[in-house]
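[1] coords please:
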Amino acid sequence: MKRDLDLVRAILLDVEARGTPLDLIDPQVEGYNELEVSYHVMLLEDAGLIRAMDRTAIGIFRWSAGALTWRGHELVEFLRDDGLWDSAKGDVISAAEGGLPFDVLQDRLRELIARRLG
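    The predicted structure is shown next:
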């Protein structure tokens, strides 16, 4: 399964809006199935952006999201603005010839926000 950064963004925004330090949620993202969402929750936990729990049972792959980490909160601040997101993603895809390295995307978002504030 390929990593989908639009899904990553949607999950992070959902966790911020609905997540609490005490609860686990199963993000629901329109256009994506449970397997795709669970896989991306696992990736976000692996990247240190959210706390998550592996709730996989026999034959059912399932990861539930907890709270954002400090790094997750920092990133969500950059992800809120649709225009910034689309611009940064377009710039990085063009420069990377179709790929989308996540760290480069984060750096581009920071640059765009700094320019906006500058």
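
[2] going forward, measure contacts between C-alpha atoms and count neighbours the same way
    OK.

[3] break down this structure into its strands, ranges please.
    Ranges of strands in the chain, per DSSP state E, are 50-54, 63-68.

[4] residue ranges with poor pLDDT in the chain?
    Scanning the chain for pLDDT under 70 picks out 93-100, 118.

[5] tell me the domain ranges of it?
    When the chain is parsed with automatic domain parsing, its domains come out as 5-68, 81-112.

[6] among the ones you listed, which is the most enclosed?
    domain 5-68 (a mean of 17; mean count of other C-alpha atoms under 10 Å).

[7] nearest to Leu105, of the strands of the chain?
    strand 50-54 (18.2 Å; C-alpha to C-alpha).

[8] re earlier: next, format the strands of the chain as JSON lines and append distance to Val29.
    Below are those laid out as JSON lines (distance: least, C-alpha to C-alpha, whole Å):
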{"stretch": "strand 50-54", "distance to Val29": "17"}
{"stretch": "strand 63-68", "distance to Val29": "13"}
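
[9] of all those, which one is nearest Glu74?
    Nearest of the strands of the chain to Glu74, taken as C-alpha to C-alpha: strand 63-68 at 9.4 Å.

[10] export the closest one to CSV, keeping only CA atoms.
    Extracted C-alpha coordinates of strand 63-68, given in CSV (Å, rounded to 0.1, in the frame of the first residue of the first chain):
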residue,chain,number,x,y,z
TRP,A,63,-4.9,0.7,14.5
SER,A,64,-6.7,3.3,16.6
ALA,A,65,-5.4,6.8,17.1
GLY,A,66,-4.9,8.5,20.5
ALA,A,67,-3.5,12.0,20.9
LEU,A,68,-1.1,14.0,18.9
